[in-house]
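# Please work out how this folds:
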Amino acid sequence: MTRPLLGPRTSRTLSLALVGGAVLAVAGTVHLVGQTVATGSVTASAALSDRVRLQLDESLALPDGLGLAGYRIPVSVNTDDLPLGVRLLVVLGTVLPWVCAALAALALARVSWSLGSADPFRPGNARALASVAALWVVGSYLAPWVVHLASVRVLAAAGAPAGLDPADSTASLVVTWFGLLLVLAVAEVFRRGARQAHDVAGLV
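A predicted model of the protein is given here:
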């Protein structure tokens, strides 16, 4: 008899923990969306313009040999009375990674639950891991672009203040591709394992 990758108790505990984390992420998302709709106030991301960055160096009167590093310093701005669509776009940029993480946790919970059995290479596990890979791309690469677009809309609604620029789309291709390839590699292992298990079952 094939020994399970994880004991039944460990795999089920991990699955329940993942489901619990997903529920908390969804609850936080619902709360934030409801609060945004009800209050009309939202906190958006932006960056200090290069001119303000240089003025900041001068105003701090730093000693020789000491200076601020980098440009386009990220800041958060609080705004009121924005259109509902703009406010929801800001919230979407905030909650999108959490929603993706919640959905990925549910998919991983399914895989984890099966690892405690003698048949971990079920056909559905490969599809679940492929969905995790897709969610990884959305959460790590597309979400920063949503934040950038929301920042553009917020600053435009505020009259394009001279001292602020839209937030950078800080998506990391290295992180995105590394995570994507890693999850897809594990999904391929499960897919081939399911195929071999099916072939062996056909010989019995």
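
# quick one: the residue lying closest to residue 169 once chain neighbours are set aside from residue 34, how far?
Spatial nearest neighbour of residue 169, excluding adjacent residues (Cβ to Cβ, 6 or more residues apart in numbering): residue 148 at 4.1 Å. All C-beta atoms are positioned from the backbone trio N, CA, C, and that covers glycine. Per Cβ to Cβ, to the nearest Å, residue 148 is found 25 Å from residue 34.

# Who has more neighbours out of these two?
Neighbours per residue (other Cβ atoms under 10 Å) separate residue 148 from residue 34, with residue 148 holding more: 19 against 10.

# just checking, that one is part of a strand?
No. Going by DSSP: H, G, I helix; E, B strand; the rest coil, the assignment for residue 148 is helix, not a strand.

# quick thing: my sequence starts at 889, can you match it?
Understood, numbering begins at 889; the last thing we discussed is residue 1036.

# which residues touch it?
Going by Cβ atoms under 8 Å, 6 or more residues apart in numbering, residue 1036 touches 1054-1057.

# ditto for residue 991
Going by Cβ under 8 Å, 6+ apart, residue 991 touches 910, 1019, 1023.

# Then residue 937?
If you count contacts by Cβ under 8 Å, 6+ apart, residue 937 has them with 960, 1050-1053.

# ok so, going back, what's the closest of the contacts of residue 991 to residue 994?
Ranked by distance to residue 994 (Cβ to Cβ), these are led by residue 910 at 5.0 Å.

# Got the phi and psi for that closest one?
Backbone torsions of residue 910, given as degrees, to the nearest 10, read phi -60, psi -40.
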